[in-house]
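1. Make a model of this:
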Amino acid sequence: MITRRRFLHCSGLATTALLTNRPPVFAQSMSSMAVKASTLDPNTLAKFVDPLPIPPIAQPARYQSSPENPAVKTPYYRLAMRPFEMKIHRDLKPTSMWWFSSGGFSSAFPGPTFDVRRGQDILVEWVNELPGKHFLPIDHNIMGAGAGQPEARTAVHVHGAKTPPESDGYPENWIVPGKSVHYHYPNNQDAAMLWYHDHAMGINRLNIYAGLAGVFLIRDSVEDSLNLPAGKYEIPLVISDRLLTPEGQLFYPVSPNANSPWVPEVFGDAILVNGKIFPYLDVAARKYRFRVLNASNGRFYHLSLANGASADGATFWQIGTDQGLLPAPVPLKALMIAPGERVDLVVDFSGHSAEELILRSDSFVIMQFRVSGDKVDDTGSLPAALRPVPKMPESQAVKTRLLSLNEYVNRVAEPVLMLLNGKYWHEPVTEKPVLNTTEIWTLINPTDDSHPIHLHLVRFQILDRQKFDPSTYQSTGKLKFTGPLVPPDPSEAGWKDTVRAHPGMVTRIIVPFEGFPGKYVWHCHILEHEDNEMMRPYEVITA
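-> Sure thing, here's the model as predicted:
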């Protein structure tokens, strides 16, 4: 049976459900014309006329004493959140957005890329220089977004970072225009692609949609020793979708109820890569490393790479997940990536000299690679072994938690509320793992949606997934399994911080709670879900 989530992710008509938020059978007949009338069809734009932008590397403003050791000088960065206008396509007028500004860089989305070393702590001052009014529609009925709250508040979270709680970007620790916060990032973790983004309570989905996001890379000696493609041959690809007005401005959909504008998901049909629609990249006939981030509000991507003459698709290799390198490269022809997830890929263009390859997601064209016909010397490698990832035994866990993912609908099957384990944000904390212990979190998903669940502070491994009967669970609270245990895909066999909890399945993760004591959060990374109560605090306590 096709689910609402599967329909919206895989169909080229994904935007047709945006205004009514009903299951597909209603959405196609009732709202497709309304959406087309109010938004730009990106397929009317010329493809592959803009080169792919490469975000600049953030540079420290100065060096000052480290909080960990005052005798040591540590890099100090200053990034300001500001409004700007950006050309996202050659034939569109500049689009009004918000961005992270650092130093003298020209305006761009995504923001500057942090490129740091393991064990090199840094200080970042996050500065709110936004206007007082938001330019996207706020729903004052949802948590933390009451009419009395400042509209342009921000709270920056480095997704995947092991940071003390006061530097994690807790959703309620927001700042207003004219204010700033100073965060300390120890960077004491394996090499990985992290990312930074807004996390303000109740408007996180709007602030990221506006453009408040960027890449955060951590390097280490293990990664260095592998001789992977580097320098100009290592490129971040930040993929996000947007809806646009015919004038090329951001369009964020609202419900038909003017008093409750929240919608359960947002799927745009304009796919941006590093802030451009249909960009192209000139590449040499050699290996490249692509650090891919899904920075969309709700869209899952099913990525594949092929030229027009091949229906089979080119093979590429996944070498890393959210939290760093896999044990070994995994050859793939297609890859699923959910909001908040990252994948580390190597593509060898040497067998495609003088060809043009297209990166796609099912019916969506994302970008073009133009492979040079010139011969090149390729000194980069693709080792057979990357980084050991010992499998954590279940016996190491001191506690197992059963946690449900809940969706509540009205009489016409429109989602109106999302909860974790049936709890609202403001209810007392119920998950209190002890520092330096390991737990198994069993995520029970009776909904029709695949929820990418993210835990702050920690990394984890996926144990398995198993089908169950949602009807029995919802009526009795008992788990009736209907299928065998399914191990994670080889592409998921590394350290993760975001896991796809599929519909009608129980997903188990094993989590070592290492780092710092304090209060953090776990949530669905579909941003519309997160903003409407699908986020809960948890607290790491000392023994």
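
2. from here on, contacts and neighbour counts on C-alpha atoms
-> OK.

3. could you pull out the strands for the stretch 251-400 of the chain?
-> According to DSSP state E, counting those that start in this stretch, the stretch 251-400 of the chain carries its strands in the segments 270-273, 276-277, 279-283, 287-294, 301-306, 316-321, 324-332, 334-337, 342-348, 356-361, 364-371, 399-409.

4. most tightly surrounded among these?
-> strand 276-277 (a mean of 28; mean count of other CA atoms under 10 Å).

5. so where's the stretch 301-450 of the chain uncertain?
-> 308-311 (pLDDT under 70).

6. Tell me the buried residues in the lengthiest strand in the chain?
-> Identified as the longest strand of the chain according to DSSP state E is strand 73-86. Buried residues in strand 73-86, counted by 16 or more other CA atoms under 10 Å: 74-86.

7. For residue 109, give its distance to residue 337.
-> 20 Å (CA to CA, to the nearest Å).

8. How about residue 460?
-> Applying CA to CA to residue 460 and residue 337 gives a distance of 17 Å.

9. if I pick the residue lying closest to residue 387 once chain neighbours are set aside, what's in contact with it?
-> Nearest non-adjacent residue to residue 387, counting by CA to CA, 6 or more residues apart in numbering: residue 327, 4.8 Å away. Counting by CA atoms under 8 Å, 6 or more residues apart in numbering, residue 327 touches 385-389, 493-494.

10. gap between stretch 229-242 and the chain center?
-> Centre-to-centre, stretch 229-242 and its host chain are 14 Å apart (CA atoms, centre = their mean, to the nearest Å).

11. Quick one: mean pLDDT for that stretch?
-> Averaging pLDDT along stretch 229-242 yields 97.

12. quick one: contacts of that stretch?
-> 54, 110, 209, 215, 250-251, 267-275, 287-297, 299, 380-381.

13. Buried residues, stretch 244-258. List them.
-> Result for stretch 244-258 [16+ other CA under 10 Å]: buried residues 244-246, 248-254.

14. could you dump it to CSV, C-alpha only?
-> In CSV, the C-alpha atoms belonging to stretch 244-258 read as follows (Å, rounded to 0.1, in the frame of the first residue of the first chain):
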residue,chain,number,x,y,z
LEU,A,244,9.1,29.9,-5.4
THR,A,245,6.7,32.6,-6.5
PRO,A,246,6.6,33.5,-10.2
GLU,A,247,8.9,36.5,-9.3
GLY,A,248,11.5,34.1,-7.8
GLN,A,249,10.8,34.8,-4.1
LEU,A,250,10.5,32.1,-1.4
PHE,A,251,7.0,30.8,-1.1
TYR,A,252,6.2,28.9,2.2
PRO,A,253,2.7,27.2,2.0
VAL,A,254,0.1,27.6,4.7
SER,A,255,-3.1,25.7,5.6
PRO,A,256,-6.5,26.9,4.5
ASN,A,257,-7.1,28.0,8.1
ALA,A,258,-5.7,31.5,8.4
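
15. Assess the claim that residue 525 and residue 450 are in contact.
-> No. Checked against CA atoms under 8 Å, the pair residue 525 and residue 450 is beyond contact range at 10.4 Å.

16. When these two are compared, which one has more neighbours?
-> residue 525 (28 against 24; other CA atoms under 10 Å).

17. how far away is the more buried one from residue 264?
-> 12 Å.

18. How about the contacts made by the most centrally placed residue in the chain?
-> Nearest to the mean C-alpha position of the chain, counting by CA atoms, centre = their mean, stands residue 340 at 1.8 Å. The contact partners of residue 340, taken as CA under 8 Å, 6+ apart, are 293-296, 452, 454, 498, 525.

19. Got the phi and psi for the closest residue to residue 447 other than its chain neighbours?
-> Leaving out its chain neighbours, the residue that sits closest to residue 447 by CA to CA, 6+ apart is residue 503, at 5.6 Å. For residue 503, the backbone dihedrals are phi -60, psi 140 (criterion: degrees, to the nearest 10).

20. isn't residue 503 right up against residue 446?
-> Yes. Under the criterion of CA under 8 Å, residue 503 makes contact with residue 446 at 6.1 Å.

21. Mean confidence (pLDDT) on stretch 211-223, please.
-> For stretch 211-223, the per-residue pLDDT averages 98.

22. Quote the end-to-end distance of that stretch.
-> 30 Å.

23. Okay, buried residues for it please.
-> Buried, per 16+ other CA under 10 Å, within stretch 211-223: 211-220, 223.

24. Contacts made by it with the rest, please.
-> 81, 97-100, 109-118, 158, 187, 189-198, 236, 295, 387.

25. Distance from the chain centre to stretch 206-213, please.
-> That offset, for stretch 206-213, works out to 12 Å (CA atoms, centre = their mean).

26. Same check on stretch 267-279?
-> Centre to centre, stretch against its chain (CA atoms, centre = their mean), the figure for stretch 267-279 is 15 Å.

27. With only the CA atoms kept, save that stretch in CSV.
-> Listed next in CSV are the C-alpha coordinates belonging to stretch 267-279 (Å, rounded to 0.1, in the frame of the first residue of the first chain):
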residue,chain,number,x,y,z
PHE,A,267,8.0,19.8,-0.4
GLY,A,268,9.4,22.2,-3.0
ASP,A,269,9.8,21.4,-6.6
ALA,A,270,12.8,23.7,-7.1
ILE,A,271,15.8,21.7,-6.0
LEU,A,272,18.8,23.9,-4.9
VAL,A,273,22.4,22.7,-4.7
ASN,A,274,24.6,25.1,-2.8
GLY,A,275,21.9,27.7,-3.4
LYS,A,276,21.5,27.2,-7.2
ILE,A,277,18.7,25.6,-9.2
PHE,A,278,20.0,23.1,-11.9
PRO,A,279,23.7,24.0,-11.5
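
28. Give me the average confidence score over that stretch.
-> Averaging pLDDT along stretch 267-279 gives 98.

29. doesn't residue 97 make contact with residue 87?
-> No. At 10.3 Å, residue 87 does not count as touching residue 97 under the criterion of CA under 8 Å.

30. any idea where the helices of the stretch 101-250 of the chain begin and end?
-> 204-210, 221-224 (DSSP state H, counting those that start in this stretch).

31. gap between the two ends of stretch 346-362?
-> OK, stretch 346-362 end separation, CA to CA: 20 Å.

32. just stretch 259-278 next, same as before
-> 36 Å.

33. What of stretch 52-63?
-> Note: stretch 52-63 ends 32 Å apart using CA to CA.

34. Can you give the distance from that stretch to the centre of its chain?
-> Distance, centroid of stretch 52-63 to centroid of chain: 21 Å (CA atoms, centre = their mean).

35. and what of stretch 359-366?
-> 18 Å.

36. about what we covered before: columns distance to residue 142 on top of the strands of the stretch 251-400 of the chain, output as TSV?
-> Shown next, in TSV, are the strands of the stretch 251-400 of the chain (distance: least, CA to CA, whole Å):
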stretch	distance to residue 142
strand 270-273	27
strand 276-277	32
strand 279-283	37
strand 287-294	25
strand 301-306	28
strand 316-321	33
strand 324-332	35
strand 334-337	28
strand 342-348	29
strand 356-361	32
strand 364-371	32
strand 399-409	14
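
37. quick one: the nearest residue to residue 62 once chain neighbours are set aside from residue 159, how far?
-> Counting by CA to CA, 6+ apart, the nearest residue to residue 62 once its immediate chain neighbours are dropped is residue 76, at 5.3 Å. Distance, residue 76 to residue 159, using CA to CA: 19 Å.

38. Is the nearest residue to residue 158 once chain neighbours are set aside bridged to anything, and to what?
-> In space, not counting the residues next to it along the chain, residue 158 is nearest to residue 196; the distance is 4.1 Å by CA to CA, 6+ apart. Beta-bridge partners for residue 196, by DSSP bridges, are residue 158, residue 214.

39. For residue 196, which residues are in contact?
-> 156-159, 213-216.

40. run the last query once more with 6 Å
-> 157-159, 213-214 (CA atoms under 6 Å, 6 or more residues apart in numbering).
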